[in-house]
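Visitor: from the sequence below, what's the structure:
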Amino acid sequence: MTAPKVEPKIYTAVVLDFETGGLNCVDCACTQLAMQAVRLDNWVVLERYAKYIAPYRKLDIGGAPKRKVLKTRQALVQEDAGISMKYEPVALTYSAITMDMLCSQGVDLKEVAQDVIEFGKRNTLSKGQQCKPILIGQNITFDIGFLQQLIAYAGLMPEFEKVFAGKVDFYGNFQPHYVDTIDLGRFAFAHLPDVTSYKLEILSERLGIELDDAHDAGADVTATLNVAAVCSARLRQESGGDICIQKKEKTRSHFKI
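Guide: Down below sits the predicted model:
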């Protein structure tokens with residue numbers, strides 16, 4: 001009797017980058033999102049996505065209860081209209097995105113959020129919790145904040161949790177599983193005293209990767225993916241160099257995976 005054939009698992013990742021109206025994900029708007037889905041076994045790009053996001057207003061998505069106060073009719077009208085998200089001139093200049101571009105080419109926030117969910121579904125190639133897509137980005141903790149804003153504003157957090165890899169934290173908030181290419185850069189270059197910055201441009205130059213249109217989300221995603229792929233190739237091809245890892249006696253027989 002032959003053992004049943006086990007299908008190999010295919011792991012995938014979504015490399016992403018946001019352009020935004022500022023640095024604070026609580027007050028500043030998302031202006032552009034670019035994503036590329038990739039297989040982690042061979043780094044083949046499965047799908048690409050890039051959209052500008054139309055201007056939108058700030059939403060109250062819950063939190064601490066607010067103290068009731070008397071308001072004038074004008075204040076109530078302004079409240080109903082909503083508070084505009086911030087689009088700081090410095091941030092727009094940095095990304096070469098204008099308000100005219102967002103108004104004419106931008107897609108509704110909820111549509112972009114739904115696209116993120118569908119993008120993750122289409123690029124999940126094997127069944128099981130461990131095969132849900134992870135996220136990869138350069139300084140990705142910045143992007144995670146804006147991604148959470150995007151998904152929360154669209155009311156799609158339960159759907160997001162079902163599609164992407166991650167865990168619920170101590171406070172009950174879902175935290176997606178991610179890899180930061182800054183950390184990969186430190187793994188590769190922390191032993192070199194002349195490397196003092198791990199910006200995408202510098203990592204790309206060090207690894208021989210071309211970076212066109214820096215600070216455009218699509219170009220940044222391509223460069224970030226290439227940084228991750230080159231670092232992955234180094235891990236797979238090298239045996240550890242001169243580093244000697246001392247073997248220690250096991251103190252327990254089972255480990256959590």
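
Visitor: roughly how far does Val45 sit from Asp180?
Guide: 20 Å (Cβ to Cβ, to the nearest Å). To be clear about C-beta, it is placed using only N, CA and C from the backbone, and glycine gets the same treatment.

Visitor: actually Arg39, not the one I typed
Guide: For Arg39, the distance to Asp180 - Cβ to Cβ - is 20 Å.

Visitor: these two: who's more crowded?
Guide: The neighbour comparison of Arg39 against Asp180 (other Cβ atoms under 10 Å) goes to Asp180, with 21 against 15.

Visitor: alpha carbons only: can I get the one helix or strand Leu235 maps to in CSV?
Guide: Using DSSP states H and E, Leu235 sits in helix 217-237. In CSV, the C-alpha atoms belonging to helix 217-237 read as follows (Å, rounded to 0.1, in the frame of the first residue of the first chain):
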residue,chain,number,x,y,z
ALA,A,217,4.2,53.4,-5.3
GLY,A,218,4.4,51.0,-8.2
ALA,A,219,8.2,51.5,-8.7
ASP,A,220,8.8,51.2,-5.0
VAL,A,221,6.9,47.9,-4.9
THR,A,222,9.0,46.5,-7.7
ALA,A,223,12.2,47.6,-6.0
THR,A,224,11.0,46.2,-2.6
LEU,A,225,10.1,42.9,-4.2
ASN,A,226,13.6,42.7,-5.8
VAL,A,227,15.3,43.4,-2.5
ALA,A,228,13.4,40.6,-0.8
ALA,A,229,14.1,38.2,-3.7
VAL,A,230,17.9,39.0,-3.8
CYS,A,231,18.1,38.6,0.0
SER,A,232,16.2,35.3,-0.2
ALA,A,233,18.5,34.0,-2.9
ARG,A,234,21.5,34.8,-0.7
LEU,A,235,20.0,32.8,2.1
ARG,A,236,19.3,29.9,-0.1
GLN,A,237,22.7,29.8,-1.8
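
Visitor: show me what counts as buried in it.
Guide: By 16 or more other Cβ atoms under 10 Å, the buried positions in helix 217-237 come out as 217-231.

Visitor: just how off-centre is it within its chain?
Guide: Distance, stretch centre to chain centre, for helix 217-237: 14 Å (Cα atoms, centre = their mean, to the nearest Å).

Visitor: return the helix or strand in the chain with minimum mean pLDDT.
Guide: In the chain, no helix or strand scores lower on mean pLDDT, DSSP states H and E than helix 73-81, which sits at a mean of 51.

Visitor: helices or strands up against the helix or strand following that helix?
Guide: Counting by DSSP H and E, the element after helix 73-81 in chain order, helix or strand, is helix 89-95. For helix 89-95, the elements it packs on are strand 12-20, strand 30-39, judged by 3 or more Cβ pairs under 8 Å, 6 or more residues apart in numbering; DSSP states H and E.

Visitor: output the longest one in PDB, but only the C-alpha positions, please.
Guide: Translated: strand 30-39. In PDB, the C-alpha atoms belonging to strand 30-39 read as follows (Å, rounded to 0.1, in the frame of the first residue of the first chain):
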ATOM      1  CA  CYS A  30      -4.200  57.300   1.500                       C
ATOM      2  CA  THR A  31      -3.500  58.700  -2.000                       C
ATOM      3  CA  GLN A  32      -2.100  55.700  -3.900                       C
ATOM      4  CA  LEU A  33      -1.800  51.900  -3.300                       C
ATOM      5  CA  ALA A  34       0.400  49.500  -5.300                       C
ATOM      6  CA  MET A  35       0.600  45.800  -4.800                       C
ATOM      7  CA  GLN A  36       2.300  42.800  -6.400                       C
ATOM      8  CA  ALA A  37       1.500  39.200  -5.500                       C
ATOM      9  CA  VAL A  38       4.500  36.800  -5.600                       C
ATOM     10  CA  ARG A  39       5.200  33.200  -5.100                       C
END
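
Visitor: whatever helix or strand comes next after that strand packs against which elements?
Guide: Sequence order places strand 45-52 as the next helix or strand after strand 30-39, per DSSP H and E. Contacts defined by 3+ Cβ pairs under 8 Å, 6+ apart place strand 45-52 against strand 30-39, helix 99-105, helix 109-122, helix 217-237.
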